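Peer 1: Build the 3D model from these lines:
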Amino acid sequence: MTGRFHSEDTYLRLKAATRLLMRDAGGLELAAKVTRIERAELSRCENPNVGRFLPVDVLLDLEAANGEPHLTREIARAQGHVLIELPSLDGTGEWGRHLGDIAKECGEAIAVVGQALAQGGTITAEEVRELNITREIDEAVEKLIALRTALADLEKRGKRK
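Peer 2: Down below sits the predicted model:
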């Protein structure tokens, strides 16, 4: 794709995330029912051989329908950012869930890095792709930032009293 800012691989990852989004929405037929776009156009948007992508309003509708921001997360990564779900904590209660999420995601990130290192003592670009190492690390970072955000919110509310 000449003249574009991102690599072909980046656009293919967007297509893959779109396919995942359609799958989680219940398939193309059901996805068409919650958006303004017909099934055939949705199919073109997920097809890696077609240069069409989802319009942003359709993306919002589909992610709202299935509750998982697959494509938004991939767009953020392509731009060098991490997508963070804003916590819905009131300063009490769900701290254990935060810690559990952090432990789970950090454990998964460490496990895939360890898996790559076990095969020759170094990490190759192929292993980064095949084991989704960057994605695993991003997911751990997202959980840590969610806790940081909740703590900052608690601190800010505590100063106002």
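Peer 1: if I look at residue 44, how far off is residue 22?
Peer 2: Residue 44 sits 12 Å away from residue 22 when distances are taken as Cβ to Cβ, to the nearest Å. Every C-beta, even on glycine, is put in place using the N, C-alpha and C of the backbone.
Peer 1: Compare those two and say which is more crowded by neighbours.
Peer 2: Residue environment comparison for residue 44 versus residue 22 gives the larger neighbour count to residue 22, 25 against 15, counting by other Cβ atoms under 10 Å.
Peer 1: helices or strands up against the longest helix belonging to the chain?
Peer 2: Ranked by residue count, the top helix of the chain under DSSP state H comes out as helix 133-160. On a contact count with 3 or more Cβ pairs under 8 Å, 6 or more residues apart in numbering; DSSP states H and E, helix 133-160 meets helix 70-78, helix 95-118.
Peer 1: can I get these in CSV with distance to residue 40?
Peer 2: CSV is the format used below for those (distance: least, Cβ to Cβ, whole Å):
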stretch, distance to residue 40
helix 70-78, 19
helix 95-118, 38
